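[1] Have a look; sequence and predicted model below, questions after that.
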Number of protein chains: 2
Amino acid sequence: MRVALLSTGSEILQGLYPDTNAQWLAARLDALGFDVVAIRSASDDLEPTLAALGSLSAEADLILTTGGLGPTEDDRLREACAAHWRRPLVHSAELERQIAALFRRRKRPMPSSNRRQALIPRGAEPLPNRWGTAPGFAIPRRRKLPALIALPGPPVEMRPMFERRALPWLRRHLWPGVVRGRTVIHTIGWPEARVNETLADLFDADPQLSVTLLARSGKIDVRLTATAENREAVRSTLTHWRRVVRRRLPRELVWGRDDETLEEIVNRLLVKAGWTIAVAESCTGGLIAQRLTAVPGASRMLRRSVVTYADEAKRRVLGVSDATLRRHGAVSQECVIEMAEGVRRWAGAEIGLAVSGIAGPTGGTPEKPVGLVWIAASTEHETVAERHVIIRRERDAVRLWASDRALDLARRMIKDHSAKSGA
Amino acid sequence: MRVALLSTGSEILQGLYPDTNAQWLAARLDALGFDVVAIRSASDDLEPTLAALGSLSAEADLILTTGGLGPTEDDRLREACAAHWRRPLVHSAELERQIAALFRRRKRPMPSSNRRQALIPRGAEPLPNRWGTAPGFAIPRRRKLPALIALPGPPVEMRPMFERRALPWLRRHLWPGVVRGRTVIHTIGWPEARVNETLADLFDADPQLSVTLLARSGKIDVRLTATAENREAVRSTLTHWRRVVRRRLPRELVWGRDDETLEEIVNRLLVKAGWTIAVAESCTGGLIAQRLTAVPGASRMLRRSVVTYADEAKRRVLGVSDATLRRHGAVSQECVIEMAEGVRRWAGAEIGLAVSGIAGPTGGTPEKPVGLVWIAASTEHETVAERHVIIRRERDAVRLWASDRALDLARRMIKDHSAKSGA
């Protein structure tokens, strides 16, 4: 079942945003077993929209559009679909009632222009919008023309419209004959080439399975995709091969699966161990704290976090010694160890995490290049420090890598502790 | 001059990434006066690539592709271009020498597969790649076929290849007859509708000018685009209308222009005033510190930053009183004022900035809903607190809005001080 996505509007064509609607829809459709064969943006004028619908019709069984359904004259998607599917636009009394009801609920008068939003191509099925004023519609596949689903552009409307309106319609009209399932095994610690080598023979091991690697900020994801006739076959294929992959990789390399994030895992391990964490950041400048607290409920676990760029703050807040700073500098094993121990004691947390590095673009030397990052984690029983040299030298990239490595060190330390204490 | 962008590869179609290459190219081309009429992704197999090239050829004067130039058999862009432009692939000795030289510089042996990267369609101009192994190429427009520029996919190669190879080629072969220029006036504080109303009559004031508004996280950008025959006319149109817009808007509403970010502006004002800043964050969890330190050199200005989710940390580190926490709670005017004053004194900074709010998804009450954020800034002379209720209720959105509002409050306070002290 081949799907083409079409986003209309000028903002993506001017480079103001990346097309995140398309990304979200592609991921959802792909996971459901559809093949997304084209993603395209076009101006919301009538001619370019018609040209885009024309070329995509030759390549897809379904065109899914986002945007172009607003109340103004600039929003021409309804006209373009009517012309391309050769059906006149008709007024839907049902849709107009729903639009009017939305304005009543929001206690605002309904401008007359919003009546245009109740127009749909004849024979199309209206897809009512509870989340905004722009309803969508769907046209079944007929003769040489593909099916169409038109959804509004704002993500807060588009996403529920896809889940609650488009999917039920697709289940009735156009569902893939095969079932697809996916699982992702998240690793950190090995370069991509080594993961690749270790799993190479699995890439063609099972005709129902596809194995791909994806590197993000130094973390390697192993993506297993199974395609089969039914859910049961997909599930057993994934379960089998996930086990095989896990057996091939060292335990500590694997930090999570599927949609899990490293910060979620660290939070979960903290909750399980009954631990709180304290963070002292230098070059990451608050990124580790921000990631940890992006997880709802994280406030209970993050006892304190402090950004100590200045040597003064390292000394006064964390108790890093003058001698260390003088002899070894702030980006050193000695300093980061004192930072991790210092922040743990200062905050009264069970684990202290510290980062000190050179994010660039300037400040590097031959001995301490941009990308050099020292990380340490400290518990009551031990303090561990690690040195990383991050090859990508853009400031943001160095900061992201460093925060990943620090969260991963925390993960391993908490896990080790839990294993030893039998928690 | 109509341009179509084509990204090949399966990762965007599977929704693994948004197409950030296309976004970057669209913004650059648009600013140079090209009209980006289509952005499209297609699988990197031969047939879909040919179908995409075919449909885009009817819509554009130039097709600019990214990706598909790797050394493996999966990388079929060279073949697709050769077929579509009806030229056989030929081996470029010059390109092979350059690829070999790159491997020598990196002190690695050159795999024989990389020889494929020296193939280009006959008559195409090679675009050597100093930043990676995949060279690009360009084909001039001829008869009914558009021009082509093929660039490698990795952004660290694609971007310099565009600037240093594609642009010079375009200047020789295919440059827009008009010049486009743009300036952006960044505002914060008014809702979009009010900015719109204040500037409405400018939208059609000058045929050489286009005025658009763009709302991002509660900040409204006023984008002025001028199109004229030469640079001088563009510059004078922009200068004139920028002045008109600035006169219409209250001074304190406008925080910056063009590519400036709010965090850069705050850093610059701090440097100018000779001030350091200290930050105490609760619901934003480190985001303000992270944004401030994303600016290179920010370490000198950010004296200390602390995340104090826990009441214990608010009391012990910042000196917030028990009575305040008991009587008003952590999300209150009283608490955020004590946090801002406390962090300023604790860090010995000239300005203290504090945020306390409810980022959600849970934790809201009728009196203190999710999205309620208190912000305060404190100097030696005064402490100002502001209450915001952020309507978008996703956790990330609340955090981003809150960090914008806090940085803006700091901006206004430092500016006020500098104005009063005549700095």
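    Alright, I've got the coordinates.
[2] Number of residues surrounding residue A:222?
    Residues lying near residue A:222 (other CB atoms under 10 Å in any protein chain shown) number 26. Heads up, the C-betas are built off the backbone N, CA and C, glycines and all.
[3] who does the closest residue in space to it that isn't next to it in sequence bridge with?
    With sequence-adjacent residues excluded and distances taken as CB to CB, 6 or more residues apart in numbering or on different chains, residue A:222 is closest to residue A:185, at 4.3 Å. Listed by DSSP bridges, the beta-bridge partners for residue A:185 are residue A:222, residue A:257.
[4] any idea how far residue A:16 is from residue A:152?
    Residue A:16 is 18 Å from residue A:152, where distance means CB to CB, to the nearest Å.
[5] What are the boundaries of the helices in the stretch 151-300 of chain A?
    Under the criterion DSSP state H, counting those that start in this stretch, helices of the stretch 151-300 of chain A are mapped to A:155-161, A:167-173, A:192-199, A:231-248, A:262-273, A:287-293.
[6] picking up where we left off before, more crowded one of residue A:16 and residue A:152?
    In this view residue A:16 and residue A:152 are compared by other CB under 10 Å, and residue A:152 has more residues nearby, 27 against 18.
[7] what pLDDT does residue A:401 get?
    At residue A:401, the model reports a pLDDT of 93.
[8] Look up the closest residue to the residue of the stretch 101-250 of chain A found nearest chain B, ignoring the ones flanking it.
    Residue nearest to chain B within the stretch 101-250 of chain A (CB to the nearest CB): residue A:214, separated by 6.3 Å. Distances taken as CB to CB, 6+ apart put residue A:221 closest to residue A:214, at 4.4 Å, once the chain neighbours are dropped.
[9] That neighbour and residue A:187 touch, don't they?
    Yes: contact criterion CB atoms under 8 Å: residue A:221 and residue A:187 qualify, at 7.3 Å.
[10] anything in stretch A:61-70 near chain B?
    No: applying CB under 8 Å from any CB of the partner chain, one finds stretch A:61-70 out of contact with chain B, separated by at least 12.7 Å.
[11] returning to that earlier point: and the residue nearest to residue A:214, what is it in contact with?
    When contacts are counted by CB atoms under 8 Å, 6 or more residues apart in numbering or on different chains, residue A:221 touches A:184-187, A:213-215.
[12] Check for me that residue A:384 belongs to a strand.
    Yes: read with DSSP: H, G, I helix; E, B strand; the rest coil, residue A:384 is one of the residues of a strand.
[13] Tell me how many other residues crowd it.
    Other residues close to residue A:384 by other CB under 10 Å number 15.
[14] just the one 10 residues further on next, same as before
    Counted with other CB under 10 Å, the neighbours of residue A:394 add up to 16.
[15] That one and residue A:360 touch, don't they?
    Yes: proximity of residue A:394 to residue A:360 meets the contact threshold set by CB under 8 Å, at 7.4 Å.
[16] okay, which residue of chain A is out on the far edge from center?
    Here the centre of chain A is the reference, and by CA atoms, centre = their mean the most remote residue is residue A:323, at 43.8 Å.
[17] if I look at it, how far off is residue A:357?
    21 Å.
[18] helices and strands of chain A: which one has the lowest mean pLDDT?
    Of all helical and strand segments in chain A, the minimum by mean pLDDT, DSSP states H and E falls on helix A:93-105, at a mean of 87.
[19] Measure how far that one is from the centre of its chain, please.
    Distance of helix A:93-105 from the chain centroid (CA atoms, centre = their mean, to the nearest Å) equals 34 Å.
[20] The helix or strand just after it pairs with which strands, parallel or anti?
    Where DSSP states H and E defines the elements, the next helix or strand beyond helix A:93-105 is strand A:119-121. Strand A:119-121 sits in its sheet next to strand A:89-91 (antiparallel), going by DSSP bridges.
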